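> Just need the structure, nothing else, for what follows:
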Amino acid sequence: MLKVLIAEDELIIADMLERFLSEQGYEVCGIARTVADAVALGELHKPDVAILDIRLARGGHGPEIARRLRCTGPLGVLYATGESRKSGLQASDGEALITKPYRLEDVGRALEIVHEIATLGTAAPPYPPGFQLLAKLATPPEVQSA
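Down below sits the predicted model:
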């Protein structure tokens, strides 16, 4: 069972993600609304993967969570954002992003891909709608046009 950390400041979205991921067999180790809370949860629970909103409460940013937690061990990072073209994310920030609004099933598949990349260095299609790789892997044509 993979452990997942959720950093999302919109509680309705966070609760829906937690419920869905738990039903899919993930162990949700916590929900954080701020960078400090996410880092504390991550250091305590050592998640395998994280889904991070780019903009968090109190002016926080998801990439700061990834930078701080990756120093403590391996972590696959999926960002969730409404503005993928303006995200400014780079390969060093994580493995992938998925654009909002998204289907919960697509987040589940995206987390599988992120875990594959984090552990194996590669990922196999199919890729969900709105999904983009940050790593130096070729972005599939169907993702570019999505």
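> all contacts plus neighbour counts: C-alpha atoms, from now on.
Noted.
> Tell me how many other residues surround Cys71.
Per other C-alpha atoms under 10 Å, the neighbour tally for Cys71 reads 10.
> Correction: the previous question concerned Ile12.
Counted with other C-alpha under 10 Å, Ile12 comes out at 10.
> packing partners for the host helix or strand of it?
Ile12 belongs to helix 11-23 when assigned by DSSP states H and E. If contacts are counted by 3 or more C-alpha pairs under 8 Å, 6 or more residues apart in numbering; DSSP states H and E, helix 11-23 sits against strand 3-7, strand 27-32, helix 104-120.
> Mind listing residues that contact the first one?
What that stands for is strand 3-7. Here strand 3-7 makes contact (C-alpha atoms under 8 Å, 6 or more residues apart in numbering) with 14, 17-18, 26-35, 38, 41-42, 46-53, 56, 62.
> returning to what we had before: what angle sits between the helix holding Ile12 and helix 104-120?
Counting by axes from the mean of the first three to the mean of the last three C-alpha atoms, to 10 degrees, helix 11-23 lies at 70 degrees to helix 104-120.
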